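Undergrad: 3D, please:
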Amino acid sequence: MPLPPRRLRRHGAPTRPDHDGPDRPHGHRPAPAAPRRTRGDHGAKKINGRKRHLVVDTKGLPLFVMVTPADMTDRDAAKEVLFRLRLMHPEITIVWADSAYTGQLVTWSKSLLGLTLKTVSRPKDASGFVVLPRRWVVERSLAWIMHARRHARDYERLIQHSESLITWAAITIMTRRITRRSSRRNGQPAPRETVRD
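TA: Reported below is the predicted structural model:
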């Protein structure tokens, strides 16, 4: 006979979180066991943690993932991300990015890597929240990855483990999409993606 929920919680069984994602989706606090060299202070978000850098295709499927200490600036991390992206996917010629990636990074990526870096700027007359074209694709991908509850907080000691688990979450998303499409073609109902308690 199953235990009632109150007894389950008392005996250390996992319970459902109060919300689906963290308050800060880009900067994540690592576990206390994470070495200090893998963490950094992010002044704007007031956390000591890590940043997740993600390159996705136009459908939102991740092409490249990199995790850095939070004190590394986005432009410095972008150089490494774009360099690795060029090595892994030489067929890519245009990359859309946030307006934070302007300046010398645009000329550097064009001259050294042969990548055209186009920034998506916020409209000047806009106030409040505005959905930006091309930019929302990355935010949506981060939200999909955050559905794997493990990514609400970075529990990994090493940055490589964190990158691997984000890649694993992306692979899970892609395989579920493939399964859902193939089952619809065969006339079978689509399987449920997530089962909640």
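
Undergrad: per-residue pLDDT, the nearest residue to Leu61 once chain neighbours are set aside?
TA: Closest residue in space to Leu61, ignoring its immediate chain neighbours: Met174 at 6.0 Å, by CB to CB, 6 or more residues apart in numbering. C-beta: built from backbone N, CA, C; applies to glycine. At Met174, the predicted lDDT confidence score is 87.

Undergrad: Give the burial count for the nearest residue to Ile166 once chain neighbours are set aside, as a bare number.
TA: Once flanking residues are discounted, Ile166 sits nearest to Val65: 4.8 Å by CB to CB, 6+ apart. For Val65, the count of nearby residues is 20 (other CB atoms under 10 Å).

Undergrad: cool, the one 5 residues further on as well?
TA: With neighbours defined by other CB under 10 Å, the count for Ala70 comes to 23.

Undergrad: Just to check, it is in contact with Arg50?
TA: Yes - with contact defined as CB atoms under 8 Å, Ala70 and Arg50 form a contacting pair (5.7 Å).

Undergrad: helix or strand for the residue nearest to Ile166, which one?
TA: Using DSSP states H and E, Val65 maps to strand 62-69.

Undergrad: So which other helices or strands are in contact with that strand?
TA: strand 47-56, helix 74-88, helix 159-185 (3 or more CB pairs under 8 Å, 6 or more residues apart in numbering; DSSP states H and E).

Undergrad: highest average neighbour count across the ones you listed?
TA: strand 47-56 (a mean of 20; mean count of other CB atoms under 10 Å).

Undergrad: Specify the angle between that strand and helix 74-88 in degrees.
TA: 40 degrees (axes from the mean of the first three to the mean of the last three CA atoms, to 10 degrees).

Undergrad: Give me the angle between strand 47-56 and helix 159-185.
TA: 40 degrees.

Undergrad: relative to strand 62-69, how tilted is strand 47-56?
TA: Using the same axes, to 10 degrees: strand 47-56 against strand 62-69 is 160 degrees.

Undergrad: who does strand 47-56 pair up with?
TA: Strand pairing for strand 47-56, determined by DSSP bridges: strand 27-28 (antiparallel), strand 40-42 (antiparallel), strand 62-69 (antiparallel).

Undergrad: Quick one: mean pLDDT for the second one?
TA: Strand 40-42 comes out with an average pLDDT of 59.

Undergrad: Could you do stretch 113-120 as well?
TA: For stretch 113-120, mean pLDDT is 89.

Undergrad: right, and the secondary structure at Ala126 would be what?
TA: coil (DSSP: H, G, I helix; E, B strand; the rest coil).

Undergrad: Let me know how buried it is, in neighbour terms.
TA: When counting by other CB under 10 Å, one arrives at 9 neighbours for Ala126.

Undergrad: do you know how far it is from Val138?
TA: Separation of Ala126 from Val138 (CB to CB, to the nearest Å): 19 Å.

Undergrad: Kind regards, and thank you for your time.
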